[in-house]
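J.: Have a look at this prediction, sequence included:
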Amino acid sequence: MDFSFYFDLPLWIRLTLQGLAVILVLFPIAAACSMAERKISAWIQGRPGPNRTIPPLLAWVPGIWILQKLGVFQLAADGGKFVFKEDPVPGGVNKFYFIAAPILAMIPALSTVTVVPFGAYLDSAGKLVPIVLANVDIGLLAVFAVSSLGVYAVILAGWASNSKYPFLGGVRASAQLISYELSMTLSVLPVFLWINAPGGQGTLSLFDVVQFQSQPGFWGGAWFVFTMPLSAFIFLVALFAETNRQPFDMPESESDLVGGFHTEYGAFKWSLFFVAEYCHMIVGSAVFILLFFGGWNPLPWVTLTDSVNALAGVLPFAAHPLFMGALGIAIFLGKILFSIFFFMWVRWTLPRFRYDQVMNIGWKKLLPLSIANLIAYTLGIALLHK
Amino acid sequence: MAVIQVERKPLSLAERTYIPQIIGGLKTTLKHFFQPTVTLQYPEQRPEISKNYRGVPTLVKDPNGREKCVSCQLCEFVCPPKAIRITPGEIPADSPHAHVEKAPQAFDIDMLRCIYCGLCQEVCPEEAIWLQNQFSMTGTSRAEMVNNKARLYELGGTLPDQHFKWDKKKAAEEHGNAH
């Protein structure tokens, strides 16, 4: 197959098409996550979950009951409801910020994905090329910088609602997000200290992190979760807090704050917050997997390149870059979906922490732990490179 | 009353990290994740109702298919929310069930008024009105929520009692001994 016509297109058209393609994948997955959440909660609680909805026009299709039982049409019905129902703006709100907040929630959630690589393929010269919208050197820094803008949406929504429960939710959320960002950032520093050995070219690119975990040899092929388990643990806990998932669901806190920052929201604006939360989860899990779980490598010590080369011996078409790219994306997506399942599994297992417990864990436990972890690894790496 | 002082042990380090408890909880929920559901698919699957359940009041017939109600109107009188309305009447002489007793011409129970107290069943001298296992009464209008005589017998069915009271009375009457 020849794709030169695609590479002949002007750059801006290509980037627009690529960006649209990514959003067209990310958005439905985020929406499907809401159904997954309902089904997983149901199965954990011994219920079947939504399994009734089906358009009468489709009911005759054989085998479609599987989709019906999985609630696929319920998902479509819910989505349609959000689009068509009345979207009230309560009196007394600050209209500009009230409407801006859900948009501001979506923007960082969708734009962090630009620097996240999803896979890689070998080009004709035998060089590994990342599949990413923007393979920039600041990689992880861009993710942190943009995703932390998401807190503005929560604060603005809480403040603009002009109501005490959203306000309390917004205040709690901002305190929580800021507290856990520190531990999160500190926990990934050892990874980059390890990669950026003295004398080499410095990078924060997520692609290089995966490349570092794909080297030959015992230490080269080990994922960072094996060499830096504490970093991975702190990052995971902070990720739960950053994505406002249980047990750190401070901004919503249904039991004491009604709906938290989105109490006053309804219809489409509310669904934007909802999808933004899942987009954050997807991108957060993607970064977690890239950093600690070897990205698109199928198994520890088994890289994507090796497995594709092995497959190409059996199946000739496996050598095609398209196959390698698709396989890499599939493996990566599989890992992300498992990670999202883990998020949901934890949500339906644990109760929510109290607000003071959240602050205690963040400042008194995780932060000292991540600083100690950083110091230990800094010393270790310094001794190794001596 | 004896006061028992329970000593609260300080949490161990492992407990303070929450991690063993979280892993235990995750194991439990994963086990439930793969277990079959415990719920019923309601409108298709109905729960089993115990025999002494007291649902919608109904009228019953005796094993001969005769209506047991003699329209004495005690239930109408005792009904606290006045949900029962009975029009008493004679049984026509040419009816196969014709007899000394009366029967209701009309028997309406307004289920919008009924409070399921069971006093009608308690007061009935003929064991003709029973609160049975019908637990979901629905309708789209007020008129639909009034159970008339036909509907009450349809819901009630037959009470398999062994009194055969009317057979005995009929036999007695045929022998010229009405009471």
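T.: Okay, I see it.
J.: how far does the helix or strand encompassing residue B:150 sit from the chain's center?
T.: If you go by DSSP states H and E, residue B:150 is part of helix B:149-156. Here helix B:149-156 shows a centroid-to-chain-centroid distance of 13 Å under the convention Cα atoms, centre = their mean, to the nearest Å.
J.: Ok, stretch A:378-386 next?
T.: Here stretch A:378-386 is found 32 Å from its chain centre; the criterion is Cα atoms, centre = their mean.
J.: Stretch B:78-95 too?
T.: Once both centres are worked out by Cα atoms, centre = their mean, stretch B:78-95 turns out to sit 20 Å from its chain's centre.
J.: Now the terminal residues of it, how far apart.
T.: By Cα to Cα, to the nearest Å, the extent of stretch B:78-95 from end to end equals 30 Å.
J.: Please identify the buried residues of it?
T.: Within stretch B:78-95, the residues scored as buried using 16 or more other Cβ atoms under 10 Å in any protein chain shown are B:79, B:83-86, B:88, B:91. Every residue, glycine included, has its C-beta placed from N, CA and C.
J.: just to revisit the earlier point, and the helix holding residue B:150, what other elements does it pack with?
T.: The contact analysis (3 or more Cβ pairs under 8 Å, 6 or more residues apart in numbering or on different chains; DSSP states H and E) places helix B:149-156 against strand B:57-59, strand B:102-110.
J.: Just the buried residues of stretch B:71-79, please?
T.: Per 16+ other Cβ under 10 Å, stretch B:71-79 contains these buried residues: B:71-72, B:74-76, B:79.
J.: So which of the residues you listed sit within strands?
T.: Among these, no member falls in strands (DSSP state E).
J.: near chain A too, which of the residues you listed?
T.: Residues of those in contact with chain A (Cβ under 8 Å from any Cβ of the partner chain): none.
J.: any idea which of the residues you listed is the one closest to chain A?
T.: Nearest to chain A among the buried residues of stretch B:71-79: residue B:79, at 39.2 Å, using Cβ to the nearest Cβ.
J.: Am I right that the closest one is in contact with residue B:120?
T.: Yes: the criterion here is Cβ atoms under 8 Å, and residue B:79 meets it with residue B:120 at 6.0 Å.
J.: which other helices and strands contact the top helix by length along chain B?
T.: Looking across chain B with DSSP state H, the single longest helix is helix B:19-34. Secondary-structure packing of helix B:19-34 (3+ Cβ pairs under 8 Å, 6+ apart): helix A:11-44, helix A:321-347.
J.: right, and those - which one's nearest residue B:48?
T.: Distance to residue B:48, taken as Cβ to Cβ, is lowest for helix A:11-44 among those, at 23.3 Å.
J.: From the chain's centre, how far out is the helix or strand just after that closest one? Work that out for me.
T.: Once helix A:11-44 ends, the next helix or strand along the chain (criterion: DSSP H and E) is helix A:65-69. The chain centre lies 28 Å from the centre of helix A:65-69; the measure is Cα atoms, centre = their mean.
J.: again, but for stretch B:130-147
T.: Relative to the centre of its chain, stretch B:130-147 is centred 11 Å away, using Cα atoms, centre = their mean.
J.: Ok, stretch B:122-134 next?
T.: With Cα atoms, centre = their mean, you get 9 Å for stretch B:122-134.
J.: pLDDT averaged over that stretch - what is it?
T.: Stretch B:122-134 carries an average pLDDT of 89.
J.: Next, the distance between the ends of it.
T.: Start-to-end span of stretch B:122-134 (Cα to Cα) is 18 Å.
J.: what's it in contact with?
T.: By Cβ atoms under 8 Å, 6 or more residues apart in numbering or on different chains, the residues outside stretch B:122-134 that reach it are B:49-51, B:53-60, B:67-70, B:72, B:74-75, B:77-78, B:116, B:118, B:120-121, B:155-156, B:159, B:161, B:165.
J.: Pass me the low-pLDDT residue ranges in the chain, would you?
T.: Looking at chain A here, since you left the chain open. A:1-3, A:198-200, A:251, A:253-255, A:258-259 (pLDDT under 70).
J.: oops, I was thinking of chain B
T.: For chain B, residues meeting the criterion pLDDT under 70 lie at B:99-100, B:177-179.
J.: Residue A:361 and chain B: what is the separation?
T.: From residue A:361 over to chain B the distance is 9 Å, taken as Cβ to the nearest Cβ, to the nearest Å.
J.: how about the residues of chain B near chain A?
T.: Listed as neighbours of chain A in chain B under the rule Cβ under 8 Å from any Cβ: B:22, B:25-26, B:28-30, B:32-33, B:35-39, B:41.
J.: a markdown table for those residues, including neighbour count?
T.: Shown next, in a markdown table, are the residues of chain B next to chain A (neighbours: other Cβ atoms under 10 Å in any protein chain shown):
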| residue | neighbour count |
| --- | --- |
| B:22 | 14 |
| B:25 | 17 |
| B:26 | 16 |
| B:28 | 12 |
| B:29 | 20 |
| B:30 | 13 |
| B:32 | 16 |
| B:33 | 16 |
| B:35 | 11 |
| B:36 | 8 |
| B:37 | 15 |
| B:38 | 10 |
| B:39 | 13 |
| B:41 | 11 |
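J.: Can you identify each of the strands in chain A by residue range?
T.: A:119-122, A:128-131.
J.: name the helices or strands packed onto the first one?
T.: Meaning strand A:119-122. When contacts are defined as 3+ Cβ pairs under 8 Å, 6+ apart, strand A:119-122 sits against strand A:128-131, helix A:304-314, helix A:321-347.
J.: okay, that strand in CSV with CA atoms only?
T.: Provided in CSV are the C-alpha atoms of strand A:119-122 (Å, rounded to 0.1, in the frame of the first residue of the first chain):
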residue,chain,number,x,y,z
GLY,A,119,2.3,3.3,19.4
ALA,A,120,5.2,3.0,17.1
TYR,A,121,6.2,1.6,13.8
LEU,A,122,9.4,0.9,11.9
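J.: Tell me which of the strands of chain A sits most buried.
T.: strand A:119-122 (a mean of 23; mean count of other Cβ atoms under 10 Å in any protein chain shown).
J.: residues near residue A:335, how many?
T.: 21 (other Cβ atoms under 10 Å in any protein chain shown).
J.: That one contacts residue A:289, correct?
T.: Yes: in this structure residue A:335 lies within contact range of residue A:289 using Cβ under 8 Å: 4.8 Å.
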